[in-house]
Each structure stands twice: as structure tokens, then as C-alpha cells.
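Colleague: What follows is a protein structure lacking sequence information:
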């Protein structure tokens, strides 16, 4: 019997991890490229010249009648003979659109208020169509769209100031007069219907409206000497009645609700006294904390000073975020991407038990790090004859059933020829003995050992360099439980 049989691929964690990583990479690649169409699917390619491709990006949708029929593959500027610059769009359309009538129109429309856009094609009725690779001229880009920023630009500073003035004036004039306005609108039809004959009578020469105002002027001239006293009288009356008009509802309500309010006060004030006492005690207890804030004022000031440049830089970050969110929105709305994400979710759910079972192999025993470090050393270190992997030879001990050739039983002495093999060393988790057995098994002389070595070999393995977080703190799996590390009862921390 040989010392080590051919290892099964299913039992090799490295191959399983490599296969899993490959599957994830392929799935992510397909999901990422889903917006550009699936590979090897035929398309109907057209070019379209538009006056302006502002906020359009590669991968934006092309729609006909609200249905997605393709995407924008490329956007390039084009200088016309008159010196103006237009945008050339390369469109990848579904073959069901072929051929597109040559009297069709194209327009760039907003998809949301955040600036996301798409290209809408309105199919014409012509019997002739564009061949694949043809260019839709700029004359077909109509009507010219109105951008949301152009709409907002109409509200300049003078317009906004006038709107504020109108709002204040009309709001103050119409406030609390809704019922009166409703009544006025109700009687306006009757008023206007009867107003016409009245105006005709007033405009008739026989009415002598001019003489009426002339006489009114003479009367006013007679009252002019006492105008000041009359004006003062009316001003005072206006002040008095205006004040009474503003509170007429309150006066009436006070008279009506005064007695019940006094009765409710007599009943509620005794009940409120404990609450008021508790509030007074609370504010007394808060005084030390408020005084302590004075000592924290310099720290708070430093935080504000440090935060100011951070907030300034966040503006630049915010300006760079819209394309990201647009791409995320397109990715989230793409049905093929949703299928890919669902597939990845199912894959993660299937792999979760395996990963959870293998996690202590690294987080407690440090085996994965040690494996790659030792493999690198095996291929890079040695002496003048070459690396260890190249020339080192392990000679099997001599004796019956030795491991250097075919045998009919496991090596079992005498002398030093005893087989020691442990194909499945214990690691923490899944009900196994809580120990890091691989690499820590003791040599039991003069006896054959196949399988786990008796006793617990502990959790100590050779320590490698710990990569700290950006703030200098230990990673979560290296922290003690009281600092957010793994539970010591479930996954004891690795020591070495």
C-alpha cells in the first residue's frame, strides 16, 4: 500500500476554491456586460447624428414606443463644415427593428430628474428603410428637446425676487379669506350679468357722470379745511376696527369657551404639578452635563474645522456620483442582470455552509496563509543546487512494507519503519475536536498511527505577519471578543 493515494478533486479545498472563484468571475462578467447585449447575438447597427448628446453615456437605452430595442454602443463628436459640432451615436438595435423607415425621427429624452437619458425613435411610414450601418441625418433629430436645466434657468434672481414679493403680497391679502373668496366667486356671475346695463347707464351722456364727479369735487373742496381732523378720525377708527376685526373670532371664542377652560384648569393643574416638579428636577440634573460641554467646546471646534474641508471635497465626490448611480440604476433595471444577481444569491446560499465550515481553518489555525507562504518558499528558497522543490529527495525507511515501493500492508516496523498518516486532521467547527491538528501531531515512536493522533494538540500554529487595518487596528478576526472579535467559545483566537 502506497503512502498517499490519488487525491479526489472534490476533497481538495484549493481546487474547490479555484473553481468557485472562476464561476463567480464568469457570472459577474456576464452580469456586467448584460447592458451591452449578450455575446454572439446579431444586431441591427445604425448611426444617428444629434445636435447635442449632453448626459448621454455609453450603454443608455434606445426605445421605440416605450419599449427597449437597443443600446448606445459609442458616442463620438463630429465637426460639420459650418464649424458646428454634433454628436454621432452608434446604435446597436434588435434585428426586429430592421429596416427602420427613413422618415423616422429621433430625439434625446430625459428618463428621470437626476439627468438619466435615453434615445427615443419615432418610426415613420416610408416604405424605404435604413440599411445596417447607415446614418440617420441630423435633420431627423426633431423636435429639439428642452432640458430641465433650461427650464430652471428661467427662474433667475429678478424672477425669484418678484415671485417672493407676489407670494407675500397675495398670501397676506388672501390669507384666512377662503370662505369670502368662495362667496365672491359664487355671486360674480350675477354681478357681471347685472353690471352691463349699469355701465351702459353710467356711460350714457344723459347720466352726466362728469357733472357728478365735478359736484363731488366741489363738495370735497368745501370739506378740505377740516380734512385733517376727518382723516385723523378715520385713521383712528380704522386702527380700532382693524384690531377688533383681527380678534373678533378670538373674542367670541373666549367668551364662549372661557368658563369651560377655567373649569378644566381647576381640574388639570393639580394633576400637572408632579410632572412640572419632575421637569424641574430633570433640568437641575442636566446642569452638570451642560457645564461639561464647555470643556468639550475646543474638541467640537476642532471637529468642525476638520470637517469643513471634508465637506468641500464631498462636493467633488457628489459630482462624480451621478454617473455611478445611473449605471447602478441601469444595472438594477436590466432583467438579465437581475437573473445574474439571483443566481449569485443562490450560489452564495449554497456555498455559505461550506465557507462557514472552512472559515476556522484560517481564522483560528492560519492554515491558508501558512500554505501559500510555504509554497512560495519551496519554489524560491534553496542552495547552490537549486530550490528545494527541484532537487530535494525524501528516502523512505528500509524494512518490510516500506513506503518506497509496492506493499501488501501498511508499514509497521521494525525499527523506524512505522506508517504515520492523518488524511483528515481535526480543525475547529462542525462538531470536530477543537484543535489545529495538522502540523502539530506528535511522533509516536514504535507504533503505527493512521488517522487522528490521540489527545488535543491545541490551537497554536506558526504565526505570520498580521496586516492591520488602515487606522492601525487589528482586523476583526484578530480582535478579542470584547472588542468585536469572534466568540471565544465558538472560534478560539489563534495563538503562536
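Modeller: Done, it's in. Keep in mind that what you see is a predicted model, and the values were worked out from it rather than measured.

Colleague: alpha carbons only for contacts and neighbour counts from here, please
Modeller: Fine.

Colleague: next helix or strand past the helix or strand hosting residue 212?
Modeller: Following DSSP states H and E, one finds residue 212 within helix 209-223. Using DSSP H and E, the next helix or strand after helix 209-223 towards the C-terminus is helix 227-246.

Colleague: chain center to that following helix: distance?
Modeller: Offset of helix 227-246 from its chain centre (CA atoms, centre = their mean, to the nearest Å): 62 Å.

Colleague: what angle sits between that helix and helix 209-223?
Modeller: 100 degrees (axes from the mean of the first three to the mean of the last three CA atoms, to 10 degrees).

Colleague: Just name the shakiest helix or strand of the protein by mean pLDDT.
Modeller: Between all helices and strands in the chain, the lowest mean by mean pLDDT, DSSP states H and E belongs to helix 388-391, at a mean of 63.

Colleague: Name every strand pairing with the helix or strand that that helix is followed by and say which way it goes.
Modeller: Counting by DSSP H and E, the next helix or strand C-terminal to helix 388-391 is strand 420-421. Using DSSP bridges, strand 420-421 pairs in its sheet with strand 449-450 (parallel).

Colleague: In contact with the nearest residue to residue 93 once chain neighbours are set aside, which residues?
Modeller: Of all residues not flanking residue 93 in the chain, residue 70 sits nearest, at 4.1 Å (CA to CA, 6 or more residues apart in numbering). Going by CA atoms under 8 Å, 6 or more residues apart in numbering, residue 70 touches 61, 62, 63, 91, 92, 93, 94.

Colleague: Could you check how far the residue positioned nearest the centre of the chain is from residue 345?
Modeller: Centroid check for the chain by CA atoms, centre = their mean gives residue 325 as the closest residue, at 7.2 Å. In this structure, residue 325 and residue 345 are 22 Å apart, going by CA to CA, to the nearest Å.

Colleague: coming back round to it: checking the residue nearest to the centre of the chain next. Helix, strand or coil?
Modeller: Assigned with DSSP: H, G, I helix; E, B strand; the rest coil, residue 325 falls in the helix class.

Colleague: what separates it from residue 331, distance-wise?
Modeller: The value you get for residue 325 to residue 331, if CA to CA is used, is 10 Å.

Colleague: Which stretches in the protein count as helices?
Modeller: In the chain, the segments counted as helices under DSSP state H are 13-32, 148-153, 157-174, 178-203, 209-223, 227-246, 248-333, 335-363, 367-380, 388-391.

Colleague: Could you dump the ones you listed into TSV and include distance to residue 426?
Modeller: Below are the helices of the chain laid out as TSV (distance: least, CA to CA, whole Å):
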stretch	distance to residue 426
helix 13-32	15
helix 148-153	66
helix 157-174	75
helix 178-203	83
helix 209-223	115
helix 227-246	88
helix 248-333	44
helix 335-363	10
helix 367-380	12
helix 388-391	27
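
Colleague: looking at those, which is closest to residue 118?
Modeller: Nearest to residue 118, of all these, is helix 248-333, at 11.0 Å by CA to CA.

Colleague: Could you give the average pLDDT over the closest one?
Modeller: What helix 248-333 shows for mean pLDDT is 85.

Colleague: beta partners for residue 118?
Modeller: In this structure, residue 118 bridges to residue 109 when assessed by DSSP bridges.

Colleague: Tell me where the protein is predicted with low confidence.
Modeller: Applying pLDDT under 70 to the chain picks out residues 1-12, 27-41, 113-114, 144-150, 388-394, 464-496.

Colleague: domain parsing for it?
Modeller: What automatic domain parsing lists as the domains of the chain is 34-152, 367-496.

Colleague: Please identify the deepest-packed of those.
Modeller: domain 34-152 (a mean of 16; mean count of other CA atoms under 10 Å).

Colleague: how far out from the middle of the chain is that domain?
Modeller: Its chain's average C-alpha position is 28 Å from that of domain 34-152, according to CA atoms, centre = their mean.

Colleague: for stretch 414-423, same thing?
Modeller: Using CA atoms, centre = their mean, the distance between the centre of stretch 414-423 and that of its chain works out at 60 Å.

Colleague: just to revisit the earlier point, what about the residue nearest to the centre of the chain, distance to residue 347?
Modeller: As judged by CA to CA, residue 325 and residue 347 stand 26 Å apart.

Colleague: one step back: quick one: which of the domains of the chain is nearest residue 227?
Modeller: With CA to CA as the measure, domain 34-152 is the member of the domains of the chain nearest residue 227 (52.2 Å).

Colleague: mind putting the contacts of residue 70 in CSV, distance to residue 78 included?
Modeller: Shown next, in CSV, are the contacts of residue 70 (distance: CA to CA, whole Å):
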residue, distance to residue 78
61, 21
62, 21
63, 24
91, 16
92, 19
93, 22
94, 25
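
Colleague: which one among those gets closest to residue 453?
Modeller: residue 61 (64.3 Å).

Colleague: for the closest one, what are its contacts?
Modeller: Residue 61 neighbours (CA under 8 Å, 6+ apart): 68, 69, 70, 71, 72, 118, 119.

Colleague: So which of those are in strands?
Modeller: 68, 69, 70, 71, 72, 118, 119 (DSSP state E).

Colleague: Tell me the one of the residues you listed nearest residue 100?
Modeller: For those, the nearest to residue 100 is residue 69 (11.8 Å; CA to CA).

Colleague: Next one: residue 447 from residue 420, what distance?
Modeller: Here residue 447 is placed at a distance of 9 Å from residue 420 (CA to CA).

Colleague: Next: residue 171.
Modeller: Residue 171 is 94 Å from residue 420, where distance means CA to CA.

Colleague: Check residue 436 too.
Modeller: Taken as CA to CA, the span from residue 436 to residue 420 is 17 Å.

Colleague: can you check residue 22 too?
Modeller: In this view, residue 22 and residue 420 are 36 Å apart by CA to CA.

Colleague: still on that earlier bit, switch the contacts of residue 61 over to a markdown table; also include distance to residue 455.
Modeller: Formatted as a markdown table, these follow (distance: CA to CA, whole Å):
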| residue | distance to residue 455 |
| --- | --- |
| 68 | 67 |
| 69 | 68 |
| 70 | 67 |
| 71 | 66 |
| 72 | 67 |
| 118 | 69 |
| 119 | 72 |
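
Colleague: which one among those gets closest to residue 103?
Modeller: Among the contacts of residue 61, residue 119 lies closest to residue 103 (CA to CA), at 16.3 Å.

Colleague: wait, what's in contact with that closest one?
Modeller: Neighbouring residues of residue 119 by CA under 8 Å, 6+ apart: 60, 61, 62, 63, 106, 107, 108, 109.

Colleague: And those, which two are furthest apart?
Modeller: Greatest spatial distance among the contacts of residue 119 (CA to CA): 60 and 106, at 14.3 Å.

Colleague: now residue 172: how far from residue 165?
Modeller: Residue 172 is 11 Å from residue 165, by CA to CA.

Colleague: and if you look at residue 100?
Modeller: From residue 100 to residue 165 the distance is 53 Å (CA to CA).
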